[in-house]
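> Take this sequence and fold it.
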Amino acid sequence: MMIPKYGINAATPEDWNRLRKDHPAVEKSKATPPKATTTTTKTPKDTPLYKSNADTDCLEVIKARMPQEAFKGYLEGVCVEALWSYGSSDKSPEKLSKALVHLSRLLLEVTTDGSV
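Residues are numbered from 1 along each chain as shown. This next block holds a predicted model:
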């Protein structure tokens with residue numbers, strides 16, 4: 001069995017003890033959490049993911065997991081699916097909005113060569 005020179009598996013007990021001393025665990029706060037307010041907010045059901053800020057983060061994760069050309073193909077496919085759905089059965093504006101968001105991102109990817 002070969003012992004690695006670097007990485008977590010190469011750490012000695014002394015290394016772990018030094019780490020615990022230099023960076024102690026964070027204790028949970030004993031403060032009470034703030035009370036919920038009664039303001040009206042949209043539920044996730046009311047706001048589709050492609051309209052929220054979370055969608056940008058999701059697209060970044062998807063982009064990081066595939067080659068640039070594959071990501072462009074993914075964006076194109078989502079556009080086609082949304083437009084097809086709008087044209088065939090679901091005449092909701094959300095379908096057009098979804099297509100527009102993904103088409104805009106595809107245009108950004110093409111014009112910036114993926115360096116967004």
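
> what's the following helix or strand after the helix or strand of the chain with the lowest mean pLDDT?
One helix or strand of the chain scores below all others by mean pLDDT, DSSP states H and E: helix 54-64, with a mean of 76. Using DSSP states H and E, the next helix or strand after helix 54-64 towards the C-terminus is helix 68-88.

> Return the angle between stretch directions for that following helix and helix 54-64.
Angle of helix 68-88 versus helix 54-64, following axes from the mean of the first three to the mean of the last three Cα atoms, to 10 degrees, is 130 degrees.

> I'd like to know which elements helix 68-88 is packed against.
Identification of packing neighbours for helix 68-88 by 3 or more Cβ pairs under 8 Å, 6 or more residues apart in numbering; DSSP states H and E yields helix 54-64, helix 93-112. All C-beta spots, glycine's among them, are computed from the backbone N, C-alpha and C.

> quick one: buried residues of it?
For helix 68-88, burial by neighbour count (16 or more other Cβ atoms under 10 Å) applies to 71-72, 74-75, 78-79, 82-83, 85-86.

> May I see these organised as a markdown table, with distance to Ala10 and pLDDT added?
Shown next, in a markdown table, are the buried residues of helix 68-88 (distance: Cβ to Cβ, whole Å; pLDDT from 0 to 100):
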| residue | distance to Ala10 | pLDDT |
| --- | --- | --- |
| Phe71 | 35 | 93 |
| Lys72 | 40 | 94 |
| Tyr74 | 38 | 94 |
| Leu75 | 41 | 95 |
| Val78 | 43 | 93 |
| Cys79 | 48 | 94 |
| Ala82 | 49 | 91 |
| Leu83 | 53 | 92 |
| Ser85 | 52 | 90 |
| Tyr86 | 56 | 88 |
